[in-house]
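In: Any chance you can model this:
(one chain, ligands or ions: 2)
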Amino acid sequence: MKSGIVVLAGRSNVGKSTLLNALVGTKIAITSPKPQTTRTAIRGILNDPRGQIVFVDSPGIFESAHDPLTRAVNETARAALSGVDAICYVVDPTRTIGTEEHRIHTLLRNSTAKKVLVRNKTDLPERERPHLAAYHDLVFGSGDATFIGEVDVSALEGKHLKLLVDLLFDALPEGEPLYDTHQLGDIPQRFWIAELIREKVFLTMHQEVPYAVTVDVDEVAMRENGDIFVAARIVTTNDRYRKMLIGAGAQRVKQIGQMVRKELELATSKRAYIELRVVTDAKWKNRL
Ligand code: GDP
Ligand code: MG
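Out: Ligands and ions are numbered 1, 2, ... in the order given. Predicted coordinates:
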């Protein structure tokens, strides 16, 4: 059996979250037109007769270097890459290679992990992907032996993902599964639920509550009859946002709870109960 951790690396909007969802078959990562809606690392597990792949999407880590914190961003990205077994370098051939892409490529070159170049969005006509060859040349033109292959996929339509998974299994070491698959199948993971709630907060609040929101999931339990019970807090940095999140007659938070419940029920085929509270904690940003 093989097993290992595979990081999805690449610029913002290349399709990493879409790819993760397509690879593991459930909606685990959030895809959103708003950048960095996901802040924590998202894991998705793929089980196969050959073994287990744990995919890690680290939103924001490879993506935001337009600030004085570039060095810190690079450090975080480097840390995220250490100790992983393989890396999918996801690129978007509809977009030109720019400074940020070069920065990410350089970061990846410095890692000894085995890598696969993933040119996404093959569902689009070739004339809309004029930079296809440029990405190949970027990676293979300089003779980087850690790149073991290249594959053109459509994360959106789920095309050629099998080829990618085959390449990754080739790259992974022998080992026992890292995650207990039985447990994962039964009860949805806290991080996944937290991200789901965050997504619904963003959808409901539009631009009004910028990024001053985090979610703490206090309890995920399965009742004897199989129903899922979730207790969570939406934590915001200031009281004004708290009031907006609750809404008149608590109608906002109810709406958020309903959307979360529906999606959770869809994903698990079980009945779900969501207990949501909105609280203020001016210091939550410091906790990160
Ligand atoms: P991330 O920022 O790298 O995680 O990118 P997302 O997964 O959030 O995707 C960014 C945008 O690209 C979304 O609008 C996706 O629907 C779109 N997208 C992702 N994969 C594909 C693909 O294979 N084909 C097309 N046409 N669009 C895609
Ligand atoms: Mg993403």
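In: contacts and neighbour counts: CA atoms only from here.
Out: Fine.
In: how about the residues of the stretch 151-288 of the chain near ligand 1?
Out: 154-156 (Cα under 6 Å from any ligand atom).
In: Buried ones in the lengthiest helix in the chain, by neighbour count?
Out: Across the chain, the longest stretch assigned as helix under DSSP state H is helix 251-268. For helix 251-268, the neighbour count (16 or more other Cα atoms under 10 Å) marks 252-261, 263-265, 268 as buried.
In: Please convert the residues you listed to TSV, extending it with pLDDT.
Out: Below are the buried residues of helix 251-268 laid out as TSV (pLDDT from 0 to 100):
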residue	pLDDT
Arg252	93
Val253	96
Lys254	96
Gln255	94
Ile256	94
Gly257	96
Gln258	94
Met259	91
Val260	91
Arg261	91
Glu263	82
Leu264	82
Glu265	80
Thr268	71
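In: and of those, the nearest to Ala86?
Out: Thr268 (29.8 Å; Cα to Cα).
In: how much space between the closest one and ligand 1?
Out: 22 Å (Cα to the nearest ligand atom, to the nearest Å).
In: Which helix or strand contains Ile274?
Out: Secondary structure assignment for Ile274, by DSSP states H and E: strand 272-280.
In: what's around Thr96, how many residues?
Out: Counted with other Cα atoms under 10 Å, the neighbours of Thr96 add up to 14.
In: same check, this time on Asp137
Out: By other Cα under 10 Å, neighbour count at Asp137 equals 12.
In: re the thing from before, which one of the residues of the stretch 151-288 of the chain next to ligand 1 is nearest Arg240?
Out: For these, the nearest to Arg240 is Leu156 (38.2 Å; Cα to Cα).
In: Could you give the backbone dihedrals for that closest one?
Out: phi -60, psi -40 (degrees, to the nearest 10).
In: Touching, it and Leu19? I think so.
Out: Yes: using Cα atoms under 8 Å, Leu156 makes contact with Leu19 at a distance of 7.3 Å.
In: Wasn't Thr122 part of a helix?
Out: No: according to DSSP: H, G, I helix; E, B strand; the rest coil, the state of Thr122 is coil, so it is not within a helix.
In: tell me the contacts of the nearest residue to it once chain neighbours are set aside?
Out: Spatially, and ignoring its direct neighbours in sequence, Thr122 is nearest to Ser154 (5.1 Å; Cα to Cα, 6 or more residues apart in numbering). Listed by Cα atoms under 8 Å, 6 or more residues apart in numbering, the contact partners of Ser154 are 120-123, 160-161.
In: now do Arg242
Out: 236, 278-280.
In: By neighbours, which of these wins?
Out: Thr236 (24 neighbours).
In: pLDDT below threshold where in the stretch 51-200 of the chain?
Out: 59-60, 63-73, 179-188 (pLDDT under 70).
In: again, 90 this time
Out: The model of the stretch 51-200 of the chain has pLDDT under 90 over residues 52-84, 99-100, 103, 107, 110, 142-143, 175-196, 198-200.
In: Which residue ranges of it form helices?
Out: 70-81, 99-109, 132-140, 161-171, 181-186, 190-205 (DSSP state H, counting those that start in this stretch).
In: Ranking those helices by mean neighbour count, which comes first?
Out: helix 190-205 (a mean of 20; mean count of other Cα atoms under 10 Å).
In: now the angle from that helix to helix 251-268?
Out: Interaxial angle, helix 190-205 versus helix 251-268 (axes from the mean of the first three to the mean of the last three Cα atoms, to 10 degrees): 140 degrees.
In: CA atoms only for the following helix or strand past helix 190-205 - export them in CSV, please.
Out: Next along the chain after helix 190-205, taking DSSP H and E as the criterion, comes strand 213-222. Output in CSV follows, covering the C-alpha atoms of strand 213-222 (Å, rounded to 0.1, in the frame of the first residue of the first chain):
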residue,chain,number,x,y,z
VAL,A,213,-15.3,36.5,10.8
THR,A,214,-14.1,33.2,11.9
VAL,A,215,-16.0,30.1,12.9
ASP,A,216,-15.4,27.8,15.9
VAL,A,217,-17.1,24.4,15.7
ASP,A,218,-17.6,23.3,19.3
GLU,A,219,-19.4,20.0,18.8
VAL,A,220,-20.1,17.6,16.0
ALA,A,221,-22.0,14.6,17.2
MET,A,222,-24.1,11.8,15.7
